[in-house]
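> the sequence and its predicted three-dimensional model are supplied below.
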Amino acid sequence: MAVKDAGRAARPGERAPASRAPASRAPAREPERPERRADPAELIQLLTPEGERVEHPDYPLEISAAEVKALYRDLVIVRRIDFEAIALQRQGELGIWASLLGQEAAQVGSGRALGPRDMAFPTYREHGVAWCRGLDPVKLLELFRGVSHGGWDPTEHNFHLYTIVIGSQTLHATGYAMGIQRDGAVGDDGEAVIAYFGDGATSQGDVNEAFIWASVNNAPIVFFCQNNQWAISEPLERQTRTPLFQRANGFGFPGVRVDGNDVLACLAVTRKAMQAAREGQGPTLIEAFTYRMGAHTTTDDPTRYRLSAELESWKLKDPIERVKQYLIRTEQAEMTFFDEVEAEAAAVGSRVRAACLQMPDPPPTSMFDDVLTTQTTQLATERAGFAAYLDSFAAQEPVLAEEGR
Amino acid sequence: MTTLTLSRALNEGLRKALEANAKALIMGEDVGKLGGVFRVTDGLQKDFGEARVIDTPLAESGIIGTAIGLALRGYRPICEIQFDGFIFPAFDQIVSQLAKMRYRSRGAVKLPIVVRVPFGGGIGAVEHHSESPEALFAHTPGLRVISCGDPADAYTMIQQAASSDDPVLFFEPKRRYWDKAEVDTEGGLAAALPMDSARVLVEGSDLTLLCYGPMVRTCAEAAVAAASDGRSLEVIDLRSLAPLDVETIFASVRKTGRCVVVHEAVVTGGLGAEIAAQVTQECFYSLEAPVLRVGAYTTPYPPSRLEEHYLPDLDRILDAVDRSFGY
């Protein structure tokens, strides 16, 4: 279904045939002129806010009831994890939390479009993608509790570390994609990269450099921009006068705008773009048009800069409710299914909460670990000095106790 | 032994690095067909191909950012930043990502990336082509910062940097690119001094002269000149700025009792300040005079017609030596 919107979509459905040129001869692709559709002012949508399934000629999606139910389960669980984390922050257990509320479909839809060998580069809000990749949400809480800066092994789930500086990871993702090319892992059974970022990040030099590098190298990468309309307090108009997906035209690769609150559309559009990248057809920019329903982080107060009416209108486009309506309307799920998912989400939430409360602080001397691959004499000396300093307090402790603390 | 210029020694060292590890890559602006603006990478793209010697878009943040991604995929990029003053667009990627990603990952990630930076003045260049920003990186935990002072070190140290699993900022003394010396290109790296060790270049007994990069040659000349005044200077090429080989420094200063640190970089907040503080703390009872610093004034790099007044030279070093003996 073509929903009227401000932008004009390029047509990723029509690409040059897959290039089999080795990386040494990249860039192999002639810059192609993205073809415009007859009525390009559209937002790709496969499931309306009312839960009505609609078709799109470029994005046919064969999906079973079981698959839709699995997506619904993901959506509910990641929202529950988010809810739990906000509560934990409010109770002083986390230093801060960046909520994904409202962006569940964009993250689950794109996250479930990835193959196990694809690599994802997140910002710090991709809790839903993390879930899809199989990363334990407790690892995310470590970061926001201040127990680590992330600390997971990116190769374990092919999910890179959270990156807090806005846009930096898009270059890392592009370099990784250039590595895939050099490994000869483009083509049939190829691999690809997805880089997540937001509307604010599109103003960063690094993101624009990433577009250029990906383009001239024809790198196997999908740039997945969650346009949630707000960069903390700044609305989209402060970042751009052009619909974001149209920026891709200027860099020489296709751009497409998808309803970011439609998990089916996000799945279909990301699948297609990832497949194109894997096959050697180069990058795609996906703009997932969504809304940050919560605050930027738990330190933020959106009532200072936006109207509640805006939030109310987006609530009508809730990414979870429409899937539920669809499942009910088409009788693909019994009511017991929804109860079961709720119960499971509650259990995940409880587990995450308990793990957070039990999370110990790291030992103080661990701050000297992993600065470099080998411990320098300087660091060893500093560590020993700090340990001795700590011990000097331990020696005094009985005295303090005696003084009746 | 072969006679090589410093730039040629780097070229040979880079060639060895590319041969030694199939994952090693060279990337930067004009490093391919042109061979780099200083020809340090001359001929390497022809021999190793465009996939391994990569002419990049003109964007320094992009060079470092994509190098990080390539390293995450298992590659070992050796990046060239064309001139010292052009490193700042990449400063964020170097300081916030390259230096911190291993720490962020609690050791899960390693980033074996070399960032080559031709640095320092003395070539009559326009603005931004003569700077010495090394202290900014030495101040950043998570990076190794080294500098070569002669062709032999250039040849071995670039290979050591390329085989290091840590990020290495490699500062090349651009005005010494054309200096020639004997280089042993036959022997392997096993016998070479580790890249994080300082080298006692000239042994002496009266004063310790600390230097690196372009000032190594100037300080060696200062030692010769001082000898004619009856003063025995010990010249130490620091080679590694992060970490500093403080044991070699302290041992020398305990012996000589006097210390002068020389660099082209601005004195304020520079490596000399760090060294002076550490020497004062650790060698206090050996010192006959305060640690003195010779370096650039606290101004931006001046127009090139003034650079000979701005840069430390033989006379400024000998003047500092005189002042040290005046205490």
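Noted; the coordinates are in hand. Numbering: from 1, shown residues only, chains lettered A, B, ... in the order given.

> low-confidence ranges, chain B, go.
Within chain B, no stretch has pLDDT under 70.

> where exactly do the strands run in it?
Using DSSP state E, the strands of chain B run over B:2-5, B:24-28, B:53-55, B:76-80, B:114-119, B:144-147, B:168-173, B:180-183, B:199-202, B:207-211, B:233-237, B:240-242, B:259-266, B:292-296.

> what packs against the fifth one?
Just to be clear, that refers to strand B:114-119. strand B:76-80, helix B:151-163, strand B:168-173 (3 or more C-beta pairs under 8 Å, 6 or more residues apart in numbering or on different chains; DSSP states H and E). For the C-beta atoms, the positions are set from N, CA and C on the backbone; glycine is no exception.

> so residue A:215 versus residue A:221, what's the distance?
Applying C-beta to C-beta, to the nearest Å, the value for residue A:215 to residue A:221 is 10 Å.

> got any residues that touch both of these two?
Common neighbours of residue A:215 and residue A:221 (criterion: C-beta atoms under 8 Å, 6 or more residues apart in numbering or on different chains): residue A:283.

> between the two, which one's more packed in?
residue A:221 (35 against 22; other C-beta atoms under 10 Å in any protein chain shown).

> next one, pLDDT for that one please.
Looking at residue A:221, its pLDDT stands at 98.

> who does it bridge with?
residue A:193 (DSSP bridges).

> who's in contact with it?
Residue A:221 touches A:173-174, A:177, A:192-195, A:214, A:277, A:283, counting by C-beta under 8 Å, 6+ apart.

> same question, residue A:49
A:261, A:316-318, A:321-322.

> who wins for neighbours among the residues you listed?
Busiest of these [other C-beta under 10 Å] is residue A:261, holding 28 neighbours.

> closest one to chain A among the helices and strands packed on strand B:114-119?
strand B:76-80 (8.1 Å; C-beta to the nearest C-beta).

> neighbouring contacts of the closest one?
Outside strand B:76-80, the residues that reach it (C-beta under 8 Å, 6+ apart) are B:14, B:17, B:21, B:23-29, B:31, B:36, B:40-41, B:63-64, B:67, B:70-71, B:112-116, B:158, B:161-162.

> mind running it again at 7 Å?
Outside of strand B:76-80, the residues that reach it under the criterion C-beta atoms under 7 Å, 6 or more residues apart in numbering or on different chains are B:14, B:17, B:21, B:23-28, B:31, B:36, B:41, B:63-64, B:67, B:70-71, B:112-116, B:162.

> then stretch B:191-201?
Residues contacting stretch B:191-201 (C-beta under 7 Å, 6+ apart): B:144, B:146, B:156-157, B:160-161, B:216, B:220, B:234-240, B:243, B:245, B:248-249, B:252.

> ok, of the residues you listed, which come out buried?
When the contacts of stretch B:191-201 are checked for burial by 16 or more other C-beta atoms under 10 Å in any protein chain shown, the buried set is B:144, B:146, B:156-157, B:160-161, B:216, B:220, B:234-240, B:243, B:245, B:248-249, B:252.

> now, which of those residues lie close to chain A?
Contacts with chain A within the buried ones among the contacts of stretch B:191-201, as defined by C-beta under 7 Å from any C-beta of the partner chain: B:144, B:243.

> still on that earlier bit, got TSV for the strands of chain B, with distance to residue A:243 too?
Output for these, formatted as TSV (distance: least, C-beta to C-beta, whole Å):
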stretch	distance to residue A:243
strand B:2-5	54
strand B:24-28	33
strand B:53-55	33
strand B:76-80	35
strand B:114-119	37
strand B:144-147	44
strand B:168-173	41
strand B:180-183	58
strand B:199-202	59
strand B:207-211	57
strand B:233-237	57
strand B:240-242	46
strand B:259-266	47
strand B:292-296	49
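
> stretch B:168-186: which residues count as buried?
Buried residues in stretch B:168-186 (16+ other C-beta under 10 Å): B:168-177, B:179, B:181, B:183.

> before we move on, back to that, kindly reformat the helices and strands packed on strand B:114-119 as CSV containing distance to residue A:372.
CSV is the format used below for those (distance: least, C-beta to C-beta, whole Å):
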stretch, distance to residue A:372
strand B:76-80, 16
helix B:151-163, 13
strand B:168-173, 10
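
> do you know how far residue B:66 is from residue B:202?
Taken as C-beta to C-beta, the span from residue B:66 to residue B:202 is 43 Å.

> more crowded one of these two?
residue B:66 (34 against 18).

> find the nearest non-adjacent residue to that one, please.
Leaving aside its chain neighbours, residue B:66 sits nearest to residue A:175 (3.3 Å; criterion: C-beta to C-beta, 6 or more residues apart in numbering or on different chains).

> which parts of whichever strand or helix holds the one you found are buried?
Element membership for residue A:175 (DSSP states H and E) is helix A:168-182. The neighbour-count check on helix A:168-182 (16+ other C-beta under 10 Å) flags A:168-182 as buried.

> isn't residue B:172 right up against residue B:120?
No. Counting by C-beta atoms under 7 Å, no contact exists between residue B:172 and residue B:120, whose distance comes to 8.7 Å.

> now the element after the worst-scoring helix or strand of chain A on mean pLDDT, going C-ward?
Ranked by mean pLDDT, DSSP states H and E, the weakest helix or strand in chain A is strand A:2-4, scoring a mean of 45. Once strand A:2-4 ends, the next helix or strand along the chain (criterion: DSSP H and E) is strand A:42-44.

> next SSE after that following strand?
Downstream of strand A:42-44 (by DSSP H and E), the next one is helix A:65-90.

> after that next one comes which helix or strand?
helix A:104-111.

> now for that next one, which elements pack on it?
helix A:65-90, helix A:127-133, helix A:263-278 (3 or more C-beta pairs under 7 Å, 6 or more residues apart in numbering or on different chains; DSSP states H and E).

> who's in contact with the closest residue to residue B:129 other than its chain neighbours?
Counting by C-beta to C-beta, 6+ apart, residue B:83 is the residue found nearest to residue B:129 once chain neighbours are left out, at 4.8 Å. If you count contacts by C-beta under 7 Å, 6+ apart, residue B:83 has them with B:118, B:128-129.

> and with 10 Å instead?
Listed by C-beta atoms under 10 Å, 6 or more residues apart in numbering or on different chains, the contact set of residue B:83 reads B:29, B:37-38, B:117-119, B:125-126, B:128-131, B:174.

> what does the stretch 101-250 of chain B put close to chain A?
B:101-112, B:141-144, B:164-167, B:196, B:240, B:242-247 (C-beta under 10 Å from any C-beta of the partner chain).

> swap in 8 Å and give it another go.
B:101-110, B:141-142, B:144, B:164-166, B:196, B:243-244, B:246-247 (C-beta under 8 Å from any C-beta of the partner chain).

> most packed of the strands of chain B?
strand B:207-211 (a mean of 29; mean count of other C-beta atoms under 10 Å in any protein chain shown).

> tell me the gap between it and the middle of its chain.
16 Å (C-alpha atoms, centre = their mean, to the nearest Å).

> same deal with stretch B:86-100?
17 Å.

> ends of it, how far apart?
Criterion C-alpha to C-alpha, to the nearest Å; first-to-last residue distance in stretch B:86-100 is 21 Å.

> just the helices in the stretch 1-150 of chain B please.
B:6-20, B:44-48, B:60-72, B:91-92, B:101-104, B:134-138 (DSSP state H, counting those that start in this stretch).

> which secondary structure elements does the first one contact?
When you say that, I think you mean helix B:6-20. Using 3+ C-beta pairs under 8 Å, 6+ apart, helix B:6-20 is in contact with strand B:24-28, helix B:44-48, helix B:151-163, strand B:168-173, strand B:180-183.

> to residue B:293, which of the ones you listed lies closest?
strand B:168-173 (18.3 Å; C-beta to C-beta).

> so what pairs up with the residue with the shortest distance to the centre of chain B in the strands?
In chain B, the centroid-proximal residue (C-alpha atoms, centre = their mean) is residue B:147; its distance is 1.8 Å. Beta-bridge partners for residue B:147, by DSSP bridges, are residue B:171.

> pretty sure it contacts residue B:173?
Yes. Residue B:147 lies in contact with residue B:173 (C-beta atoms under 8 Å); the separation is 7.0 Å.
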